[in-house]
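Student: I'll drop the sequence and a predicted model, then ask my questions.
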Amino acid sequence: MTATATETGASPRPADKNPTDQRPRDVLRSIVESNGLVVLLAIFTALVVGAILVVLSDAAVQDASGYFFSRPADTLSAAWSAISEAYIAMFQGSIYNVKADTFGSGIRPLTNTLTYSSPLIFAGLGLGIGFRAGLFNIGAQGQVILGAIMAGYIGFAMHLPVGIHLALAIIGAIFGGALWGFIPGLLKATTGAHEVIVTIMLNYVALYGISWLLSLKSFQVPGSGNPKSPAVDSTAQWPHLFGDSYTLNWGFVVALAAAVGVWWLMERSTLGFRFRAVGANPAAATKSGMNVKLTYILVMVVAGGLAGLAGGSQVVGTEKSLTVGVAGSIGFDAITVALLGRSRPAGIVAAGILFGGLRAAGPTLQAQAGLPIDIVLVIQSVIVLFIAAPPLVRFLFRLPEPRHPKEVTA
Amino acid sequence: MTTIEASVPLTADRSAPSFVKQWKAAIGYGAIGLVSLVVFGFGTASGVTTSFAVSRPNDTINLPHFSVPSQPTTLTLSVVLLALACFQVWAQHRRMRVGVWLPIVFAVVFMASLMTWAGAGRANTDMAVTGLLVSGVFLAVPLVFGGMAGTLCERSGIVNIAIEGQLLGGAFLAVVVASLTHNAYLGMLAAPLAGALVGALLALFAVRYWVDQIVVGVVLNVLVVGITSFLFSTVLSDNKDLNQAGAQIGAQGGVIMDNLPIPLLSDIPIIGPVLFDQNALVYLMYAIVVVFQIMLFKSRWGLRVRAVGEHPMAADTVGIKVNRTRVRNTILGGAIAGLGGAFFTVASGLAFSKEMTAGKGYIALAAMILGRWNPKGALLAALLFGFADALRIQLGVIGSPIPSEFLAMLPYLATIFAVAGLVGRSRPPAAENIPYKK
């Protein structure tokens, strides 16, 4: 494996005594190991950036800024009301609606948040495994789509008894995603094709694939001609967790179980040790007799399977039928979830719930504050950018440098 | 060249001897040739014809339509493809270097075979060759600019996944400035600023803070999509005059870039309309490709850039400022991708819409890889993808025997084959995605 050569190669310069300097993987690790304060400050900074955007686009602020120098207070108060309106709407859309009459309906936003978070957790877990094994899987989107196709097709085309039907749909989803992860894993192992490029390209192949499938008669509601599949049978749907008035379904519980499973896999099992060893140092892993190429394939299959589960869960839980946009941007959001969660199951669950909350707040933001959901993308990406660059956060907030610089500890 | 050359390659495993890699090329050609023979050759009904229209109705010199018998033509073209594959095998055997002409001829013959098959038995519809080529070149514009941006960045060791965001930012700023000033050309000139800004952010995080370049690129794309979509839904939808399509005010000398036919040259059949009757952005594209091809491989600047991308430590030892070179190249690359973004709005005469670049930035990345990190190669790959796209649109109009989705997949599949080493050998700059730390 050439990927290992930097670690073994002799460095002609003393400054490069520490070979980890040269490896991008260590930057990944520093993301993974960034401390909690940096995470909080990154989220805070992202909210500030979001606030700036809100203020810039607010009509009342624009009006008031026309006479800023005669009455600056008007601009400031307009800006303040725009910001507070936005973040109150965000709170009410994602956590608790204070205007609701009963606790039952007040808490509904929180259950929506958890619903939105389940596919993010599934896919984020898969990506996290990849990151820790040193694989950059940008292809969760494609794997999610494949999972959705499989679960959807089994859901609407087959008619099976309760229990078996759902189980088969979920297994199908895992299989579909795993297949889409297997391809880049195999290509990396056999030809050395870089997984980043292959997975990006496979995302688009999957996207065009689903839009082709939905143009076929067998994937459409009979007689409609719309690119939308029939609804998934009720036997193949996740049961609701708290009755039908809440969207929250068993998918979330399974996502939490998957997080525990991934924790066990990565921290307690031999296979997980192999994954981590290959991620930490492929050369050492090879020397100690591990089959690195096989490990790459296995990692991609497991990661793909989890992403496929995200797609399947989305179809049998939330969407209930296949459309071209069924995967939304789950695969890309999951990258930010995995990065924010430092690739650890607990972190991913927390990050998934945070970003699920941002998503759930979208409709309320639109209705109450007149803000498009796209602001969520801005907040999300700024959070990840800052988390990826702890020195920048420390610089912005004048925090002291850590006692042991990362280059030495890494 | 010990440490760094052997470090993580972004595409191909270089430990395998190149000999094996090159056999894969022959196998790739052979497989595609067989597909052509089986699907297009034997898949065409016998006894039908395919008609081609070479000129467009209002061209100065009008060439007549012509028809060819479909099946004999596709069979012949498939045999030519297989012959080219055999030539590759023979050249391999003789350890001969095959020039860039082989993939080009191969692609052209394959496209011809595909078109003959697709148009078979449609007596009333012509396959419009010139129209196809014209729109192919036009659709390739953002891919060429994006590919050029990618090449510039990666040659200096910075992976630019943010091409998509740079295109989108350019498209956005171009239409806003053009609408404000009522001048499409000012819009085009503003577009690079947006791209450069994204490039500067990429450089900041990648060079200053050593963040993984792929992470930054992916996240910057999300950020730009978020910001432009947000501003589109708020500021632009409140002030429609900031986002004017060409048609709305074109009459006032407006917001679309007109075609500027070059006298005489544009009257040549086929080549004229395709190459010399385009708008200023396309001419600028020709200039940029030529300039960077020469600059990267013939100038001192180019040598330094490549040195920084291949072996930054050696470059530093001889006094080249590695990080400064990388920052400059990333910003310059961003600016060029931003300029390409002007294609989507002011050059096409369309209003801005959410995520209007629709993955073109990733296809540009693919063009760069297929073009082997080389301006000339990126141009050819981008043109190939542009034609595939144009063909998809044309087949969509006349009704096609293959689902248009499959044609849309073509660039992505071609790239997967390319990075897997099945079609040619592509090797990225060695120090790519490795921060340089003194």
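Tutor: Happy to help now that I have it.

Student: how about low-confidence regions in the chain?
Tutor: All of this is about chain A. For chain A, residues meeting the criterion pLDDT under 70 lie at A:1-35, A:401-410.

Student: let's do chain B instead
Tutor: For chain B, the ranges with pLDDT under 70 are B:1-24, B:56-62, B:123-124, B:245-255, B:399-401, B:421-426.

Student: How about residues contacting stretch B:277-296?
Tutor: By CB atoms under 8 Å, 6 or more residues apart in numbering or on different chains, the residues outside stretch B:277-296 that reach it are B:134, B:137-138, B:141, B:144-145, B:148, B:151-152, B:155, B:185, B:188, B:257-262, B:266, B:301-302, B:305-306, B:336, B:339-340, B:342-343, B:347, B:374-376, B:379. For glycine as for every other residue, the C-beta is placed from the backbone atoms N, C-alpha and C.

Student: Give me the distance from that stretch to the chain's centre.
Tutor: Distance of stretch B:277-296 from its chain centroid, counting by CA atoms, centre = their mean, to the nearest Å, is 13 Å.

Student: Okay, buried residues for that stretch please.
Tutor: B:277-282, B:284-285, B:288-289, B:292-293, B:295-296 (16 or more other CB atoms under 10 Å in any protein chain shown).

Student: Which members of those define the maximum pairwise distance?
Tutor: Maximum pairwise distance in those, criterion CB to CB, is 29.2 Å, between B:277 and B:296.

Student: quick one: contacts for residue B:185?
Tutor: Going by CB under 8 Å, 6+ apart, the list of residues near residue B:185 reads B:257, B:280.

Student: That one falls within a helix, correct?
Tutor: Yes. Counting by DSSP: H, G, I helix; E, B strand; the rest coil, residue B:185 is part of a helix.

Student: Residue 339: neighbouring residues, count only.
Tutor: You didn't pick a chain, so chain A it is. 29 (other CB atoms under 10 Å in any protein chain shown).

Student: should've been chain B
Tutor: A count of nearby residues for residue B:339, using other CB under 10 Å, gives 31.

Student: quick one: what helix or strand has the closest residue to it other than its chain neighbours in it?
Tutor: Leaving aside its sequence neighbours, residue B:339 sits nearest to residue B:192 (CB to CB, 6 or more residues apart in numbering or on different chains; 4.6 Å). Following DSSP states H and E, one finds residue B:192 within helix B:184-203.

Student: try residue A:93
Tutor: helix A:72-94.

Student: Downstream of the helix of greatest length in chain B, the next helix or strand is which one?
Tutor: What stands out as the longest helix in chain B, according to DSSP state H, is helix B:129-155. Remark: after helix B:129-155, the chain's next helix or strand is helix B:163-181, criterion DSSP H and E.

Student: how far is that next one from where the chain is centred?
Tutor: Per CA atoms, centre = their mean, the centroid offset for helix B:163-181 relative to its chain is 19 Å.

Student: and that helix with helix B:184-203, angle?
Tutor: Using axes from the mean of the first three to the mean of the last three CA atoms, to 10 degrees, the inter-axis angle of helix B:163-181 relative to helix B:184-203 is 140 degrees.

Student: Can you name the residue of the stretch 101-250 of chain B nearest chain A?
Tutor: For the stretch 101-250 of chain B and chain A, the shortest gap (CB to the nearest CB) falls at residue B:226, measuring 3.0 Å.

Student: excluding its backbone neighbours, what's nearest that residue?
Tutor: That would be residue A:377: by CB to CB, 6+ apart, it lies 3.0 Å from residue B:226.

Student: Regarding that neighbour, which helix or strand does it belong to?
Tutor: helix A:374-388.

Student: Past that helix, which element shows up next along the chain?
Tutor: Reading on from helix A:374-388 to the C-terminus, the next helix or strand found by DSSP H and E is helix A:390-396.

Student: What are the buried residues along that following helix?
Tutor: Across helix A:390-396, burial judged by 16+ other CB under 10 Å covers A:390, A:391, A:392, A:393, A:394.

Student: Spell out for me which residue occupies the centre of the chain.
Tutor: Using chain A. In chain A, the residue lying closest to the centroid (CA atoms, centre = their mean) is residue A:334, at 1.1 Å.

Student: Actually, chain B is the one I wanted.
Tutor: residue B:382 (2.5 Å).

Student: neighbours around the closest residue to chain B within the stretch 101-250 of chain A, how many?
Tutor: Of all residues in the stretch 101-250 of chain A, residue A:192 sits closest to chain B, at 2.3 Å by CB to the nearest CB. Applying other CB under 10 Å, we find 23 other residues in the vicinity of residue A:192.

Student: same check, this time on the one 4 residues further on
Tutor: Using other CB under 10 Å as the criterion, residue A:196 is surrounded by 25 other residues.

Student: Go ahead and confirm it touches residue A:138.
Tutor: Yes. Using CB atoms under 8 Å, residue A:196 is in contact with residue A:138, at 5.6 Å.

Student: on that earlier part again, just the buried ones from the contacts of stretch B:277-296?
Tutor: By 16+ other CB under 10 Å, those give B:134, B:137-138, B:141, B:144-145, B:148, B:151-152, B:155, B:185, B:188, B:257, B:266, B:302, B:305-306, B:336, B:339-340, B:342-343, B:347, B:374-376, B:379 as buried.

Student: what about residue 51, which helix or strand?
Tutor: No chain was given, so I picked chain A. helix A:36-57.

Student: Hmm, no, I was thinking of chain B.
Tutor: strand B:49-53.

Student: what's in contact with that strand?
Tutor: By CB under 8 Å, 6+ apart, the residues outside strand B:49-53 that reach it are B:65-70, B:73, B:115-117, B:119-123, B:125-131.

Student: Please report the distance of the residue of chain A most remote from its centre from residue A:64.
Tutor: Seen from the C-alpha centroid of chain A, the residue lying at the greatest distance (CA atoms, centre = their mean) is residue A:70, 47.1 Å away. Distance check for residue A:70 against residue A:64: by CB to CB, to the nearest Å, it reads 10 Å.

Student: likewise residue A:244?
Tutor: 46 Å.

Student: Then residue B:220?
Tutor: For residue B:220, the distance to residue A:64 - CB to CB - is 32 Å.

Student: okay, the two: which has more neighbours?
Tutor: Per other CB under 10 Å, whichever of residue B:220 and residue A:64 has more neighbours is residue B:220, with 26 against 19.

Student: from memory that one sits against residue B:199, does it?
Tutor: No. With contact defined as CB under 8 Å, residue B:220 does not reach residue B:199; the gap is 9.3 Å.
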